[in-house]
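**Q** Below: sequence and its predicted model.
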Amino acid sequence: MLMPTMTETWATMGSTIASFMFVWAIIRQYCPYEVRRYFEKYAHRLTGFFYPYIKISIHEFTGDRLKRSEAYVAVEAYLSTNTSRSAKRLKAEMGKDSTNLVLSMDEYERVTDEFRGVKVWWVASKVVSPARSVSYYPEQEKRFYRLTFHKRHREIITGAYLEHLVKEGREIRARNRQRKLYTNSPGYKWPSYKQTMWSHIVFEHPATFETMALEPEKKQEIIEDLVTFSQSKDFYARIGKAWKRGYLLYGPPGTGKSTMIAAMANLLNYDVYDLELTAVKDNTELRKLLIETTSKSIIVIEDIDCSLDLTGQRKKKPEKVSDEEKEKEKMDKERKEVKEEGSGSSKVTLSGLLNFIDGLWSACGGERLIVFTTNYMEKLDPALIRRGRMDKHIELSYCSFEAFKVLAKNYLNLESHPMFETVRGLMKETKITPADVAENLMPKSPLDNAEKCLSSLIQALEEAKDEDARKNAEKDEAERRKTEQEQEGETERKKTEHEEATYKENGIASGCHGGI
Ligand SMILES: Nc1ncnc2c1ncn2[C@@H]1O[C@H](COP(=O)(O)OP(=O)(O)OP(=O)(O)O)[C@@H](O)[C@H]1O
Ligand SMILES: [Mg+2]
């Protein structure tokens with residue numbers, strides 16, 4: 001019998017494959033879905049006998065579809081180091097500090113990797129499912145990576161290789177991570193498959209605790225608290241508490257609450273989620289936003305007192321409201337109105353927010369800070385700010401002399417100056433916010449030197465002192481008038497009483513006369 005030559009074998013295989021493809025094309029074109037499924041099933045089994053490779057798919061979104069899968073993100077980062085060498089089509093994204101471009105493989109690109117002498121293949125791919133006919137959503141893309149390797153290496157690849165890949169992927173991500181500032185936008189539509197509810201920009205705020213004007217002991221205490229938190233994963237696990245911590249920053253406008261949030265993020269290298277509560281439709285949407293936040297992040301709700309009407313239980317007003325309080329209320333109302341403009345009304349309730357902070361869902365992810373800021377702590381519901389929810393209350397107040405020295409160092413590069421004594425004296429007599437101090441210390445022209453800036457600050461302090469004196473005088477005058485009016489009223493009342501008594505006496509006396 002004649003043995004077939006190599007060429008003949010190839011030709012036979014080729015024609016078998018071609019016939020198979022032809023039959024398959026006909027089945028796909030003309031057969032009903034059930035028949036197609038049947039053929040697919042058996043075709044897979046058949047090829048399984050001869051095909052010596054194993055494939056593992058890692059999808060971008062799995063299960064609940066709300067969060068990118070960690071495995072996918074790790075593979076993406078891991079391959080980014082590999083692909084720049086062997087892939088031909090690459091995607092580039094800005095890396096940490098906007099100084100370098102991070103490369104990753106483009107869709108449908110294939111690369112090889114080697115681990116302990118074993119070769120594997122990676123391909124980046126996606127399936128596009130068509131848009132649903134009755135839907136606002138565009139077509140959905142489901143991206144995934146597929147790993148292929150020979151079945152004789154199954155153990156090493158599914159064990160040591162995948163472990164090594166996840167570990168390295170995480171490290172690369174941490175190295176290249178650009179911190180982000182997220183915000184939830186109003187008018188948000190429900191996400192398509194891959195969209196998230198947050199939009200982001202690169203977080204580049206320069207504030208640090210070093211540049212913050214605060215008393216040194218207070219600053220140190222806050223830094224220690226934050227660092228301890230970030231290193232306490234095991235501790236939180238041991239005591240059975242979710243790894244998160246709430247901070248309430250309160251104080252007058254311009255005392256550094258927002259600046260401190262940026263300093264916190266820079267200290268711990270966390271992302272910031274700036275949550276605009278008035279743009280959140282309801283409690284369900286709030287929970288979804290929470291689920292989408294990542295670990296190593298700060299979730300911020302600024303001006304919590306004006307975010308929503310969360311103070312329902314504390315509406316009892318004092319009987320007498322001073323002019324100052326009236327003015328505060330008016331300002332709040334205006335701010336609230338401005339915030340609510342265009343954002344549609346929100347149905348987030350106090351209980352929804354409480355659940356957001358420490359409900360069951362709040363534990364997902366871990367390593368998160370929740371920070372509220374307010375100008376009026378007394379307006380917040382006690383339930384919202386009790387310890388355990390807002391674990392640490394930090395008051396940021398008017399500028400002290402110690403805080404001024406930090407600003408003088410930052411702005412003027414001065415550690416001491418004869419004019420400092422005048423500033424110290426005036427600061428004891430009047431109040432000024434760090435924002436106002438900073439503004440005065442800022443040179444306004446290239447010719448402005450330290451003396452000019454310090455003079456400007458001293459002038460501002462003197463003006464503030466005069467203003468205080470004027471306000472005090474007005475207050476005293478108002479008090480004096482009030483006392484005078486009260487006294488006049490009292491005299492008038494006594495006079496009337498006296499007249500009435502005299503009238504009664506006279507009437508009785510004249511009645512007696514008549515009777516006799
Ligand atoms: N403690 C501080 N240290 C350094 N700079 C400060 C401090 N407080 C305020 N500033 C300066 O003042 C500006 C305003 O401060 P910031 O926005 O942090 O105040 P705020 O307390 O958040 O005010 P608001 O209550 O109005 O939101 C900042 O840009 C910063 O330069
Ligand atoms: Mg602020």
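**A** Right, received. Where do you want to start? Numbers count the residues shown, from 1 in each chain. Ligands and ions are numbered 1, 2, ... in the order given.

**Q** give the contact list for the closest residue to ligand 2 within the stretch 351-500 of the chain.
**A** As assessed by CB to the ion, ligand 2 sits closest to T373 within the stretch 351-500 of the chain, at 5.8 Å. To be clear about C-beta, it is placed using only N, CA and C from the backbone, and glycine gets the same treatment. Applying CB atoms under 8 Å, 6 or more residues apart in numbering to T373 gives the contacts L248, L249, Y250, K257, S258, I261, V300, I301, E302, D303, I304.

**Q** Please report the distance of the fourth one from N375.
**A** For K257, the distance to N375 under the criterion CB to CB, to the nearest Å works out to 8 Å.

**Q** of all of this structure, which residue lies closest to ligand 2?
**A** Residue nearest to ligand 2 within the chain: S258 (3.3 Å; CB to the ion).

**Q** Could you measure from that residue over to ligand 1?
**A** S258 sits at a distance of 3 Å from ligand 1 (criterion: CB to the nearest ligand atom, to the nearest Å).

**Q** May I see the domains of this structure written out as residue ranges?
**A** The record's domain split for the chain, according to automatic domain parsing, is 31-128+140-178, 181-309+336-395, 401-481.

**Q** Now tell me which of the ones you listed the model trusts least on average.
**A** Among the domains of the chain, domain 31-128+140-178 carries the lowest mean pLDDT, a mean of 80.

**Q** Name the SS class of the residue of the chain closest to ligand 2, please.
**A** When classified by DSSP: H, G, I helix; E, B strand; the rest coil, S258 comes out as helix.

**Q** Near ligand 1, which residues of the stretch 251-400 of the chain are found?
**A** P253, G254, T255, G256, K257, S258, T259, N375 (CB under 6 Å from any ligand atom).

**Q** now do 8 Å
**A** Neighbours of ligand 1 within the stretch 251-400 of the chain, by CB under 8 Å from any ligand atom: 251-260, 302-303, 373, 375, 396, 399.

**Q** Quick one, which of those residues are buried?
**A** With burial judged by 16 or more other CB atoms under 10 Å, the buried subset of these is 251, 254-260, 302-303, 373, 375, 396, 399.

**Q** Tell me the residues of this structure that contact ligand 2?
**A** With the criterion set to CB under 5 Å from the ion, the chain comes near ligand 2 through K257, S258.

**Q** Pick out the residue of the chain closest to ligand 1.
**A** With CB to the nearest ligand atom as the measure, G256 is the residue of the chain nearest to ligand 1, at 2.8 Å.

**Q** returning to what we had before: separation between the residue of the chain closest to ligand 2 and S230?
**A** For S258, the distance to S230 - CB to CB - is 21 Å.

**Q** do V75 as well
**A** 27 Å.

**Q** more neighbours, the two?
**A** V75 (23 against 17; other CB atoms under 10 Å).

**Q** which residues touch that one?
**A** So V75 contacts I58, W122, Y145, L165, G169 (CB under 8 Å, 6+ apart).

**Q** Number of residues surrounding the fourth one?
**A** Neighbours of L165 under the rule other CB under 10 Å: 23.

**Q** now the second one
**A** Applying other CB under 10 Å, we find 24 residues neighbouring W122.

**Q** Check T183 too.
**A** 15.

**Q** Might you quantify the distance of whichever strand or helix holds it from its chain's geometric centre?
**A** Element membership for T183, per DSSP states H and E: strand 180-184. Between the centre of strand 180-184 and the centre of its chain there are 6 Å (CA atoms, centre = their mean, to the nearest Å).

**Q** by how many degrees do the helix or strand following it and strand 180-184 diverge?
**A** Going down the chain from strand 180-184, the next helix or strand is strand 198-202, by DSSP H and E. If you take axes from the mean of the first three to the mean of the last three CA atoms, to 10 degrees, strand 198-202 sits at 150 degrees to strand 180-184.

**Q** and strand 198-202, which strands flank it?
**A** strand 180-184 (antiparallel) (DSSP bridges).

**Q** taking the contacts of V75 one by one, which sit in helices?
**A** L165, G169 (DSSP state H).

**Q** quick one: the strands in the stretch 1-150 of the chain?
**A** Counting by DSSP state E, counting those that start in this stretch, the stretch 1-150 of the chain has strands at residues 53-59, 90-94, 101-105, 110-115, 118-129, 140-150.

**Q** Comparing these, which comes out most buried?
**A** Highest mean neighbour count of the strands of the stretch 1-150 of the chain: strand 101-105, a mean of 19 (counted as mean count of other CB atoms under 10 Å).

**Q** Can you show me the CA trace of that one as PDB?
**A** In PDB, the C-alpha atoms belonging to strand 101-105 read as follows (Å, rounded to 0.1, in the frame of the first residue of the first chain):
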ATOM      1  CA  LEU A 101       2.100  57.100  29.000                       C
ATOM      2  CA  VAL A 102       1.000  53.700  30.100                       C
ATOM      3  CA  LEU A 103       0.600  51.200  27.300                       C
ATOM      4  CA  SER A 104      -1.800  48.300  27.100                       C
ATOM      5  CA  MET A 105      -2.800  46.000  24.200                       C
END
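
**Q** of the contacts of V75, closest to A207?
**A** For these, the closest approach to A207 (CB to CB) belongs to G169, at 31.1 Å.

**Q** mind checking the SS state of D234?
**A** helix.

**Q** What separation is there between it and K241?
**A** From D234 to K241 the distance is 12 Å (CB to CB).

**Q** Look at the two and report which has more neighbours.
**A** More crowded of D234 and K241, by other CB under 10 Å: K241, with 14 against 9.

**Q** which residues of the stretch 301-450 of the chain fall in strands?
**A** Ranges of strands in the stretch 301-450 of the chain, per DSSP E, counting those that start in this stretch, are 368-374, 392-395.

**Q** Distance from the chain centre to the last one, please.
**A** What separates the centre of strand 392-395 from the centre of its chain is 18 Å, taken as CA atoms, centre = their mean.

**Q** try stretch 378-392
**A** 19 Å.

**Q** repeat for stretch 416-425
**A** For stretch 416-425, the distance to the chain centre is 40 Å (CA atoms, centre = their mean).
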